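Fold the following for me, if possible:
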Amino acid sequence: MVLFVLFEHASGYAIFKSIAAEEIGGELSDVQESVTDLSRFGRLLKLQTFQPFKTGVNALENINSISEGLLHQDLETFLEANVPMGKKASKVTLGVSDAKIGAAIQEKLHIVCQTVEPVPELLRGIRTHFPRLIKGLTGPSAAKAQLGLGHSYSRSKVKFNTHRVDNMIIQSIALLDQLDKDINTFAMRMREWYSYHFPELIKIVSDNYLYARAVQCIQSRKDLTEDKLEALEQILMDSAKARAVLEAARTSMGMDIAPLDLINIQSFANRVIALADYRRSLHDYLHKKMSDVAPNLAVLIGDQVGARLISHAGSLTNLAKYPASTVQILGAEKALFRALKTRGNTPKYGLIYHSTFIGRATAKNKGRVSRYLANKCSLASRIDCFSEQPTSVFGSKLREQIEERLQFYETGEAPRKNIDVMKEAIAEAADEQPVNEETPRKKKKKKSKKEAEETEEMEQESQEAVEEAPQSAQKKSKKKRRESEVKSSEDPDSSHSEKKSRKRKKSQEPSQESGSDVAVTPKSAKKKKKATQTTEE
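Model (predicted):
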């Protein structure tokens with residue numbers, strides 16, 4: 001058996017032929033030792049042929065085919081030209097790196113392929129010494145070819161859709177959580193700092209954002225007069241609170257503050273206000289992204305809880321692959337493993353605890369509601385992940401189902417069946433599709449002048465062809481008549497026989513029509529049979 005080794009490189013295909021078959025077929029340790037030394041490795045294999053790729057696009061097509069286990073046309077022609085085929089193929093073995101491409105070659109070209117030892121060790125040696133085995137190929141040029149093909153291959157494999165990117169949701173929800181922590185920390189620091197000067201304001205204004213804006217408006221409590229009361233009412237949106245702040249400033253127990261300290265407190269309050277405004281805009285951005293990427297999940301469980309589920313799973317695709325039991329305890333992994341270790345009660349919910357449905361359920365039904373909610377979240381994530389046209393119809397229907405289930409636990413009223421609800425959702429989603437398809441129809445109407453002229457020409461040609469068709473048929477019929485007349489003049493016997501045959505056909509047609517109109521009764525049929533028998537006798 002002759003061993004050939006196929007090697008795929010970023011620069012092209014190469015086939016090596018074994019020289020010392022006995023050494024290769026010997027112990028594996030000897031082959032491994034010879035791989036590291038080029039002089040010894042050159043005694044095992046010899047370069048048969050090398051075919052470089054024509055262009056970078058051609059190289060990418062071939063590598064994509066190999067990675068998918070398909071036999072490319074270039075590789076097929078290369079093997080047919082350089083590997084013995086036909087009767088000699090029974091004595092040939094081709095060593096390949098992947099079993100899938102080996103199976104494709106064996107199925108198409110009927111060449112026995114081998115992937116087990118010592119083929120991997122030989123391929124490792126070829127990969128190590130490849131720039132030295134190919135004339136005109138250097139190490140830097142081979143590295144450049146590999147780098148360029150690697151980038152193009154990765155770029156072709158990554159399917160990027162700007163409208164359905166869940167990475168932005170993961171980053172935005174992480175930033176939103178961090179901003180909440182920072183705003184709370186900064187607000188507490190600001191409250192503590194300003195309370196040295198005006199401690200009564202903490203009890204009157206509890207909201208952090210309103211407190212920062214009140215500090216920005218009041219500044220020094222000694223300067224708070226009736227003139228600032230209207231502006232304070234607009235900030236607090238409550239005239240009673242504004243009046244209480246004014247009265248508390250007159251009888252405050254706080255210490256006096258220096259102008260420099262007051263400037264620092266105001267700048268810090270401005271920073272807190274800016275962070276709160278940015279947090280609000282980031283929340284709007286998250287709502288928009290969730291409505292684009294996962295509209296059903298957002299409608300069902302909310303923007304923030306749905307975004308946290310996607311972030312914890314890693315992507316929307318991973319969340320769609322999770323079963324409902326995993327979605328239920330997603331975010332409570334520590335409690336789950338602690339319960340398994342101590343043989344205690346496992347957690348009933350994880351991140352979905354922050355949804356409003358579990359908060360509305362009674363303590364007895366929280367586990368049931370969380371299980372039912374996890375089931376619906378799993379369905380919504382799968383619809384969002386694998387549907388071509390995003391719609392929020394299914395999310396609203398699933399939300400109605402959860403509302404009905406909560407009502408069932410409270411009053412005992414039976415909810416609708418899932419199949420009926422899904423049929424309604426599919427019908428509503430189908431009704432929404434024509435509305436979305438109106439825009440491409442409008443675009444189709446805006447044709448260019450050239451296209452309109454081409455369509456007019458096509459219509460004219462078709463009309464001319466339709467008009468010419470009957471004329472051509474008439475011409476053909478005239479020709480047939482002339483030919484028949486010529487034949488009849490040449491042999492009158494045949495024409496006489498043809499006329500008789502035509503008369504027979506005409507006589508048969510009315511008889512058939514009368515037979516079809518008048519139904520034959522069984523009595524008349526018997527009479528006819530008797531009459532025929534008497535005539536024969």
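
Summarise which helices and strands the strand or helix carrying residue 149 is packed against.
Assigned by DSSP states H and E, residue 149 falls within helix 139-157. The elements that helix 139-157 packs onto, with contact taken as 3 or more Cβ pairs under 8 Å, 6 or more residues apart in numbering; DSSP states H and E, are helix 56-67, helix 119-133. Placement of C-beta: from N, CA and C, glycine included.

Same list (these) but as CSV, adding mean pLDDT.
Formatted as CSV, those follow (pLDDT from 0 to 100):
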stretch, mean pLDDT
helix 56-67, 86
helix 119-133, 81
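
Show me the one of the ones you listed that comes nearest residue 256.
helix 56-67 (75.0 Å; Cβ to Cβ).

What residues of that closest one count as buried?
59-63, 65-66 (16 or more other Cβ atoms under 10 Å).

can you give me the angle that helix makes with helix 139-157?
Angle of helix 56-67 versus helix 139-157, following axes from the mean of the first three to the mean of the last three Cα atoms, to 10 degrees, is 70 degrees.

Test my guess that residue 182 contacts residue 275.
Yes: using Cβ atoms under 8 Å, residue 182 makes contact with residue 275 at a distance of 6.6 Å.

ok, the two, which is more surrounded?
A count of neighbours by other Cβ atoms under 10 Å puts residue 275 above the other of residue 182 and residue 275, at 18 against 13.

Would you mind giving both backbone torsions of that one?
phi -60, psi -40 (degrees, to the nearest 10).

which residues in this structure form strands?
Assigned by DSSP state E, the strands in the chain fall at 2-8, 12-18, 45-52, 92-95, 112-114.

Serialize those to CSV and add fields for distance to residue 34.
What follows is the strands of the chain, written out as CSV (distance: least, Cβ to Cβ, whole Å):
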stretch, distance to residue 34
strand 2-8, 14
strand 12-18, 12
strand 45-52, 10
strand 92-95, 16
strand 112-114, 19
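
who touches the helix holding residue 149?
Residues outside helix 139-157 that contact it (Cβ atoms under 8 Å, 6 or more residues apart in numbering): 9-11, 56, 59-60, 63-64, 67, 130-131.

again, 6 Å this time
10-11, 59-60, 63, 131 (Cβ atoms under 6 Å, 6 or more residues apart in numbering).

Show me which residues of it are buried.
142, 145, 149, 152-153.

Over to stretch 109-120?
Across stretch 109-120, burial judged by 16+ other Cβ under 10 Å covers 109, 111, 113-115, 118-119.

what does stretch 373-390 give?
For stretch 373-390, burial by neighbour count (16+ other Cβ under 10 Å) applies to 373-385, 390.

Likewise for stretch 416-426?
Quick answer for stretch 416-426 (16+ other Cβ under 10 Å): 421, 425.

for stretch 99-106, same thing?
Residues of stretch 99-106 classed as buried: 101-102, 104-105 (neighbour count, 16+ other Cβ under 10 Å).

Dump those residues to JSON lines, plus pLDDT and distance to residue 223.
What follows is the buried residues of stretch 99-106, written out as JSON lines (pLDDT from 0 to 100; distance: Cβ to Cβ, whole Å):
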{"residue": "101", "pLDDT": "83", "distance to residue 223": "82"}
{"residue": "102", "pLDDT": "85", "distance to residue 223": "87"}
{"residue": "104", "pLDDT": "86", "distance to residue 223": "85"}
{"residue": "105", "pLDDT": "84", "distance to residue 223": "89"}
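
What is the most widely separated pair among those?
Pairwise over these, using Cβ to Cβ, the maximum falls at 102 and 104, 7.3 Å.
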